[in-house]
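Visitor: This is a predicted model, with the sequence first.
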Amino acid sequence: MEVSPALPKGLTGNFERKVGLMIEHTACATEPGDGGTTLISPQSGGVENMRDLHYRFLDLARVLPLSVEVGKGLAELIRPGHADGLLEKVTALRRQMAFELGLVVPGIRFRESSSLQPHGYAFQVNGVEAAIGQVEPNAVLAIPAGERRLDIPGRETRDPIYGAPAQWISPTQRNVAVELGAGVYDVTSVLVIHLSEVVRSYSADLLGRQETRWLLDFVAADHPDLVASLSDLSLGEIRGVLQALLRERVPLCDIVTIFEALADVAPHSRTQLHLVEAARMALARRICRDHMASDGALHAITLAVPLEATLLEAVGRITTGNPQASLLDAQVAEHLLHAVGDALDASREDGRHAVLVVHPGIRLYLRRLLEPAFSTVAVLSWAEVMNGRPPRPRVQIMRTLQPAAQ
């Protein structure tokens with residue numbers, strides 16, 4: 001009698017931990033006649049090929065680009081046909097992200113996890129936790145305008161997405177909260193809105209080579225010569241440019257214009273700096289429009305000439321291959337980070353969305369310097385702003401950052 005190979009103990013433990021399933025002990029035996037190894041499954045009551053079972057286990061362990069885990073108290077929300085329609089809302093979200101980012105969000109895996117609190121949830125990007133949250137059962141989340149507290153009974157909390165003061169209140173108080181100017185969201189909406197922000201923040205990580213190939217094939221259907229002219233670039237180089245754009249929340253909706261810009265630059269330079277900046281210049285009107293206020297103003301934070309010159313000098317050392325040029329002077333970098341943070345806080349207090357506008361030669365380097373601390377800050381170049389084509393923004397300088405006092 002042949003003994004069926006057992007799954008390694010460490011592997012089953014990993015399933016129990018990551019998938020939230022208890023793998024039951026099952027009886028393994030062989031059936032005469034075909035010489036194959038089979039498994040008697042208590043769940044199905046039937047016989048399955050052992051290899052198929054292994055594939056099923058491996059599929060459970062497979063890392064997907066995006067997954068949602070919920071505690072057992074929220075498990076009903078991810079059942080198909082649930083009244084609150086979480087799965088239906090996520091389908092609508094994927095459609096919205098396609099219009100907003102020009103990116104088709106990959107399929108999302110939903111699963112219950114015993115490692116979470118009963119009403120907790122977690123989002124994973126490529127198998128790594130990207131965001132977590134906690135909701136209140138039988139309640140709605142009310143987020144007041146400004147910092148004031150609502151005069152409504154409820155449990156004080158923080159908006160799980162942006163950290164703003166909020167309250168979990170009874171659904172019967174929804175209309176009262178709305179009349180007081182608060183935004184009110186049910187549990188399903190909180191999860192979907194939080195997921196949408198995760199998709200925006202990690203969109204670059206969701207764009208793989210396969211997704212890039214699909215974009216190329218999509219464009220090639222109507223513009224075969226354009227795609228053929230990109231032959232100087234590898235799939236990885238094209239993907240790198242698209243990821244750089246998404247990382248700065250520049251949508252890929254006008255993918256034909258992006259590819260046109262890459263095709264023009266590729267014969268002369270394949271460095272990502274030149275490719276990314278060429279794509280941005282081609283999209284300059286859209287980039288500016290996305291940051292303009294309703295009155296056409298672009299609220300700008302700029303750098304004083306001496307501070308800009310310091311950064312240009314550092315960038316020059318990097319581009320000439322100086323081995324000592326990997327870091328900007330620590331004091332200059334620290335001062336710059338504090339100054340940018342103060343300027344952004346001041347603009348938010350004034351209720352304005354501000355962007356940095358700087359010399360084209362330092363734009364990308366400054367953005368990379370600021371990204372760990374200010375992941376959503378927009379850094380535009382003067383070349384993009386003064387692109388000469390309408391609609392040209394009316395630049396309103398909110399603050400000019402000065403060098404540190406000596």
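Guide: Alright, I've got the coordinates.

Visitor: so how far is the longest helix seen in the chain off the chain centroid?
Guide: Determined from DSSP state H, the single longest helix within the chain is helix 330-349. When distances are taken as Cα atoms, centre = their mean, to the nearest Å, helix 330-349 is centred 24 Å away from the chain's centroid.

Visitor: Which positions in that helix come out as buried?
Guide: Neighbour counts over helix 330-349 (16 or more other Cβ atoms under 10 Å) mark 332, 335-336, 339-340, 343-344, 347 as buried. Just so you know, the C-beta spots here come from the backbone N, C-alpha and C atoms, and that holds for glycine as well.

Visitor: For whichever helix or strand comes after that helix, name the packing helices and strands.
Guide: Sequence-wise, the next helix or strand downstream of helix 330-349 (DSSP states H and E) is strand 354-358. Secondary-structure packing of strand 354-358 (3 or more Cβ pairs under 8 Å, 6 or more residues apart in numbering; DSSP states H and E): strand 297-303, helix 330-349, helix 363-370, strand 379-381, helix 382-385.

Visitor: Can you tell me which of the buried residues of helix 330-349 lies closest to Leu180?
Guide: Ser347 (26.3 Å; Cβ to Cβ).

Visitor: May I ask which helix or strand of the chain has the lowest mean pLDDT?
Guide: Across the helices and strands of the chain, mean confidence by mean pLDDT, DSSP states H and E is lowest for strand 28-30: a mean of 35.

Visitor: Could you pull up phi and psi at Phe110?
Guide: Per-residue torsions, Phe110: phi -110, psi 140 (degrees, to the nearest 10).

Visitor: low-confidence ranges in the stretch 101-250 of the chain?
Guide: Filtered on pLDDT under 70, the stretch 101-250 of the chain yields the residue ranges 147.

Visitor: Would you state the helices of it in chain order?
Guide: Along the stretch 101-250 of the chain, the segments classed as helices by DSSP state H, counting those that start in this stretch run 174-179, 187-201, 203-206, 209-220, 224-228, 235-247.

Visitor: for the fifth one, the distance to its chain's centre please.
Guide: Mean C-alpha position of helix 224-228 versus that of the full chain (Cα atoms, centre = their mean) differs by 30 Å.

Visitor: Now do stretch 217-233: everything it contacts.
Guide: 216, 238, 255-256, 259-260, 262-263, 266-267, 270, 275 (Cβ atoms under 8 Å, 6 or more residues apart in numbering).

Visitor: C-alpha coordinates for the helix or strand Val315 falls within, PDB please?
Guide: Using DSSP H and E, Val315 maps to helix 305-319. C-alpha atoms of helix 305-319 as PDB (Å, rounded to 0.1, in the frame of the first residue of the first chain):
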ATOM      1  CA  VAL A 305      17.500  81.000  -5.200                       C
ATOM      2  CA  PRO A 306      20.300  80.200  -2.700                       C
ATOM      3  CA  LEU A 307      18.500  77.000  -1.500                       C
ATOM      4  CA  GLU A 308      17.700  75.900  -5.000                       C
ATOM      5  CA  ALA A 309      21.400  76.500  -6.000                       C
ATOM      6  CA  THR A 310      22.500  74.200  -3.200                       C
ATOM      7  CA  LEU A 311      20.200  71.500  -4.400                       C
ATOM      8  CA  LEU A 312      21.300  72.000  -8.000                       C
ATOM      9  CA  GLU A 313      24.900  71.600  -6.900                       C
ATOM     10  CA  ALA A 314      24.200  68.400  -5.100                       C
ATOM     11  CA  VAL A 315      22.300  67.000  -8.100                       C
ATOM     12  CA  GLY A 316      25.300  68.000 -10.300                       C
ATOM     13  CA  ARG A 317      27.600  65.900  -8.200                       C
ATOM     14  CA  ILE A 318      25.300  62.900  -8.400                       C
ATOM     15  CA  THR A 319      24.900  63.100 -12.200                       C
END
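
Visitor: which helices and strands sit right next to it?
Guide: Packing partners of helix 305-319 (3+ Cβ pairs under 8 Å, 6+ apart): helix 363-370.

Visitor: Now do the helix it packs on against helix 235-247, angle only.
Guide: 70 degrees (axes from the mean of the first three to the mean of the last three Cα atoms, to 10 degrees).

Visitor: List the buried residues of the helix holding Val315.
Guide: Buried residues in helix 305-319 (16+ other Cβ under 10 Å): 307-308, 310-311, 314-315.

Visitor: again with stretch 136-154
Guide: Using 16+ other Cβ under 10 Å as the test for burial, stretch 136-154 gives 136, 139-144, 150, 152, 154.

Visitor: Please tabulate those in JSON lines, including the columns distance to Leu195.
Guide: Conversion of these to JSON lines gives the following (distance: Cβ to Cβ, whole Å):
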{"residue": "Glu136", "distance to Leu195": "18"}
{"residue": "Ala139", "distance to Leu195": "19"}
{"residue": "Val140", "distance to Leu195": "18"}
{"residue": "Leu141", "distance to Leu195": "15"}
{"residue": "Ala142", "distance to Leu195": "20"}
{"residue": "Ile143", "distance to Leu195": "17"}
{"residue": "Pro144", "distance to Leu195": "23"}
{"residue": "Leu150", "distance to Leu195": "25"}
{"residue": "Ile152", "distance to Leu195": "27"}
{"residue": "Gly154", "distance to Leu195": "24"}
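
Visitor: hmm, which two among those are most spread apart?
Guide: Farthest pair in the buried residues of stretch 136-154, by Cβ to Cβ: Glu136 and Pro144, 16.5 Å.

Visitor: Do me a favour and average the pLDDT over the longest helix of the chain.
Guide: Mean pLDDT, helix 330-349: 92.

Visitor: With stretch 355-364 instead?
Guide: 95.

Visitor: What is the distance between stretch 210-222 and the centre of its chain?
Guide: Centroid displacement of stretch 210-222 relative to its chain, using Cα atoms, centre = their mean, is 21 Å.

Visitor: Show me which positions of that stretch end up buried.
Guide: Of the residues in stretch 210-222, those buried (16+ other Cβ under 10 Å) are 211-212, 215-216, 219.

Visitor: Please name whichever of the helices and strands packed on strand 354-358 is nearest to Ala166.
Guide: That would be helix 330-349 among the helices and strands packed on strand 354-358, by Cβ to Cβ, at 17.6 Å.

Visitor: how big is the angle separating the closest one from strand 297-303?
Guide: Interaxial angle of helix 330-349 relative to strand 297-303 (the same axes, to 10 degrees): 160 degrees.
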